[in-house]
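**Q** Prediction below, plus the sequence it came from.
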Amino acid sequence: MAAILELRMRIWMMLRTSNQELAPNLDKYRTIGEGGGFLTVRAIKRQMDGALGSRGAWLLEPYTDKPDSSGLNTEDPADIRKTAELAIAHGYQLCVHAIGDRANRETLDIFEQVFQEHPDKKDLRWRVEHAQHLSAADIPRFNRLGVIASMQGIHCTSDAPYVLLRLGARRAEEGAYVWQKLMKTGAIVGNGTDAPVEDVSPLACFYASVSRKLKDGTVFYPAQRMSREEALRSYTWNNAYMAFEEKVKGSLEPGKLADITVVSRDIMTIPEDEIPSTDVVYTIVGGKVMFERAAGLKR
């Protein structure tokens, strides 16, 4: 408990180890809001495939720029299925890294099978981490199954220069970072930076989410951009919902945790291209100022 009380930020963490180690320890590890809401352990992480840039994302069809490869699965789907059974038996969320369209389909198939076998289990909020490249047939499954697309807006603009090379125009338009297509089905789309893969700045990610603008000024499939309201919600209430914390986080309301970020400009109204130059003025955690830019103070 003493170590938890020394935390300066709230941590919601996933367990990532073998099923053999998880099975006897899950009930012991499960922690909800310890230390006044500073530590929660209620999720398990698995990884279905690799990344698109290295051609490690697992695809339904071969890579356009490497026709002899469709990527690969980095963990055995059968083993992930066993993890799913452990998660549902012990009240954990299952969060599976899936980037390619086949990796996403395999993950959704596992989720659907387990859900069908346990119809008494409701509101599980299992997540696909990244969900970057989807088959059109799988987009509606997120909302239908109640699966959350835990995505990162900044990945879109970072990856875009090689997405067309890897996938070709048809697949890229059909399923690459399709935030609007997912949201229009009713799916919850979260947001984040995936640091240290990307810079930790949420303002850079917010800008990528609303602009999808690349360094050369082009916009990557603009129809999939989020509005500023959608991007803000994806970073606040949606993220709290993904963690079962929407009753204490995600919006400024009486009775919720006073976790507040104060920025130097109104990112909801300033010209779009001014968003990246916005600074964080204060970071407040539980009503206590933990960072103050004007004084150069990190408390």
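**A** In hand now; what should we look at?
**Q** hey, let's count contacts and neighbours off CA atoms from now on
**A** Will do.
**Q** Wait, a helix at Phe291?
**A** No. Using DSSP: H, G, I helix; E, B strand; the rest coil, the assignment for Phe291 is strand, not a helix.
**Q** so what pLDDT did it get?
**A** Note on Phe291: pLDDT of 91.
**Q** That one against Val262, yeah?
**A** No. Assessed by Cα atoms under 8 Å, Phe291 is found out of contact with Val262, at 10.2 Å.
**Q** Of these two, give the one with the bigger neighbour count.
**A** Phe291 (18 against 13; other Cα atoms under 10 Å).
**Q** Can you spell out which residues form a bridge with that one?
**A** Phe291 has the following beta-bridge partners by DSSP bridges: Thr283, Lys298.
**Q** Give me the distance from stretch 204-212 to the chain's centre.
**A** 15 Å (Cα atoms, centre = their mean, to the nearest Å).
**Q** Can you give the contact residues for it?
**A** With contact meaning Cα atoms under 8 Å, 6 or more residues apart in numbering, stretch 204-212 is reached by 152-154, 156-157, 192-193, 219-222, 225-228, 231-232, 272, 275-276.
**Q** Only the buried subset of those residues, as a ChimeraX command please.
**A** Of those, the buried ones go into a single ChimeraX selection, burial set by 16 or more other Cα atoms under 10 Å:
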select :152,153,154,156,157,192,193,219,220,225,226,228,231,232,275,276
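**Q** Quick one: mark the members of the contacts of stretch 204-212 that sit in strands.
**A** Using DSSP state E, no member of the contacts of stretch 204-212 sits in strands.
**Q** so of the contacts of stretch 204-212, which ones are in helices?
**A** Judged by DSSP state H, the subset of these located in helices is 153-154, 156-157, 228, 231-232.
**Q** For those, give me TSV that also has pLDDT.
**A** TSV is the format used below for the ones in helices among the contacts of stretch 204-212 (pLDDT from 0 to 100):
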residue	pLDDT
Gly153	97
Ile154	97
Cys156	97
Thr157	97
Arg228	98
Ala231	98
Leu232	98
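**Q** would you list the residues you listed in JSON lines and tack on distance to Val285?
**A** Formatted as JSON lines, the ones in helices among the contacts of stretch 204-212 follow (distance: Cα to Cα, whole Å):
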{"residue": "Gly153", "distance to Val285": "24"}
{"residue": "Ile154", "distance to Val285": "25"}
{"residue": "Cys156", "distance to Val285": "30"}
{"residue": "Thr157", "distance to Val285": "30"}
{"residue": "Arg228", "distance to Val285": "24"}
{"residue": "Ala231", "distance to Val285": "22"}
{"residue": "Leu232", "distance to Val285": "19"}
